[in-house]
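> Dropping a prediction and its sequence here:
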Amino acid sequence: MSDEPRIFVPAADRHNRPARIVTLGHVYPQGQGRAIKDALNAVREGRAGYAAAPPADPQAVARNIAWTRLLSALNAERQWPLKRLFAQLDPLLEPDIAVAAVPPHRAYQAFWPTRTLAQRLTANGRVDATACLVRQTTVRRIVFGGPSTRALHRETIRVEEAHLIAGRRVLLLDDIAKSGASLVACREMLLEAGASVVQAVALGRVIAGRGES
């Protein structure tokens, strides 16, 4: 860790990487997690005629499947993922930071699960900066083949309520990073609006293949 101001407490110093996007777990693309689980079970059970090669690291696969389920449930607006993620993140964060969230693809959407999580993380004296980033033009979701470029996100998102992050350390949350372009764009915009440091965090990073990359 450099002399940069901290977002995470010293015990979680490995997450203090403001020049990078920190990820908390790996997720499989839509539908792939189930296929990988089926292949893993078939290999373990020794089913005759099953041609798929076993996963390179079964423990990593199991972790990734569990994390994929967790974030899928979060985005389905279930309550148990919010509780679990809050319990995991809250003790790792410094007490006097601001918390922001990457807005979803739909313009002017007021509520989404990552924002709800971010707002819960502000209960212990942190600043609720989830109103700072606003999507002003709807974009097609990347999971449905939509583009995801830094320039696109900068064109379709604006900063409001900049006083909430001016001079502050900011945790910037997103649910799942594939290209990471939205996190990079939003980090740049918050820094330009006056944040002292921004740590971008994706709850999950999309991976392909059967092991942990």
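Great, that's in hand.
> Check which helices and strands the biggest helix by length in the chain sits against.
Determined from DSSP state H, the single longest helix within the chain is helix 58-75. The contact analysis (3 or more CB pairs under 8 Å, 6 or more residues apart in numbering; DSSP states H and E) places helix 58-75 against strand 26-27, helix 32-45, helix 79-89, helix 113-120, strand 169-177, strand 197-206. No exception for glycine: its C-beta is placed from N, CA and C like everyone else's.
> Can you flag the weakest of these by average pLDDT?
Summarising mean pLDDT across these, the least confident stretch is helix 32-45, with a mean of 54.
> Arg126 touches Ile97, doesn't it?
Yes. The pair Arg126 and Ile97 passes the contact test of CB atoms under 8 Å, sitting 5.5 Å apart.
> Setting the sequence-adjacent residues aside, check what's closest to Met189.
Nearest residue to Met189 in three dimensions, chain neighbours excluded: Val159, at 5.3 Å (CB to CB, 6 or more residues apart in numbering).
> Now do that neighbour against Glu192, distance only.
Distance, Val159 to Glu192, by CB to CB, to the nearest Å: 8 Å.
> More neighbours: which of these two?
Taking other CB atoms under 10 Å, Val159 and Glu192 do not tie; Val159 has more neighbours (18 against 11).
> Just want the phi and psi numbers for the more buried one.
Reported as degrees, to the nearest 10, the phi and psi values for Val159 are phi -100, psi 130.
> and it, what is it in contact with?
For Val159, the contact set (CB atoms under 8 Å, 6 or more residues apart in numbering) comprises 132-134, 189-190, 192-193.
> in the protein, which ranges drop under the pLDDT threshold?
Scanning the chain for pLDDT under 70 picks out 1-3, 31-56, 142-147, 208-213.
> now Ala185: how far from Arg17?
18 Å.
> Between these two, which has more neighbouring residues?
Ala185 (22 against 17).
> Pro104 contacts Leu133, correct?
No. Under the criterion of CB under 8 Å, Pro104 is not in contact with Leu133, lying 10.5 Å apart.
> Pick out whichever of the two has more residues nearby.
Leu133 (25 against 20).
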